[in-house]
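*Asks:* need coordinates for the below:
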Amino acid sequence: MRLVARRALTALAIFLGTAFADAAALNSNPACSMDKMERDPSSVIAPCSALLNENDISPEQRAQALFVRGSAYHRTGRPDIAAPDYDEALKLDRNNDEIYIARANAALLLDQHDFAEAVVRVALKINPKNPRALQSPRFHRSAIANSRLPRHCSEEQGQALRADQQIRSGPA
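*Replies:* Residues are numbered from 1 along each chain as shown. Predicted coordinates for the structure are as follows:
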């Protein structure tokens, strides 16, 4: 029994060490990180671009740098430049539901409502409990404005969203 427990702990330690090493590798450039982007979006664009010009980065690092740079463009009011970065990141990391949500929000800003709805649906297939996908105000307001409600909304949620839209648009 002790031998089995020791082997299990050893395997867990190896797994966790590998996971932390992979996470550290993805964030090896703190100047191009989501944390830095959250604090100062414009400050990550040049470092991420420099990282993307390197030939020896992994596909995972390239996807993360594209996502961070796209997020920076998005946050600085340039969704037209963010969208291609998100698209390239998704080619490299097709299972990252957060990139899909960011891409959907950029599409909404570009008045691509049908595309945004389709992208949110992909994100929900990857992670049905993604709170950003389920509660994205831009997505819900866009769906209401276009007389559509997301299929994942209950009738009660739909009524609440319609009421919210009426309140926001003011008296008729």
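*Asks:* residue contacts, residue 103?
*Replies:* Neighbour list for residue 103: 83, 86-87, 90, 119 [criterion: Cβ atoms under 8 Å, 6 or more residues apart in numbering]. C-betas here are computed from N, CA, C, even on glycine.
*Asks:* filter the residues you listed down to the ones in helices?
*Replies:* Residues of the contacts of residue 103 located in helices (DSSP state H): 83, 86-87, 90, 119.
*Asks:* tell me which of the residues you listed is nearest to residue 67?
*Replies:* residue 86 (7.0 Å; Cβ to Cβ).
*Asks:* just the element for the nearest residue to that closest one once chain neighbours are set aside, please.
*Replies:* Once flanking residues are discounted, residue 86 sits nearest to residue 103: 4.0 Å by Cβ to Cβ, 6 or more residues apart in numbering. Using DSSP states H and E, residue 103 maps to helix 97-109.
*Asks:* same deal with residue 56?
*Replies:* Using DSSP H and E, no helix or strand contains residue 56.
*Asks:* now, of the contacts of residue 103, which are buried?
*Replies:* The neighbour count (16 or more other Cβ atoms under 10 Å) marks 83, 86, 90, 119 as buried among those.
*Asks:* include pLDDT when you put those into JSON lines, please.
*Replies:* Below are the buried ones among the contacts of residue 103 laid out as JSON lines (pLDDT from 0 to 100):
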{"residue": "83", "pLDDT": "97"}
{"residue": "86", "pLDDT": "97"}
{"residue": "90", "pLDDT": "96"}
{"residue": "119", "pLDDT": "91"}
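*Asks:* of those, which is the nearest to residue 133?
*Replies:* Distance to residue 133 across the buried ones among the contacts of residue 103 (Cβ to Cβ) is lowest for residue 119, with 9.5 Å.
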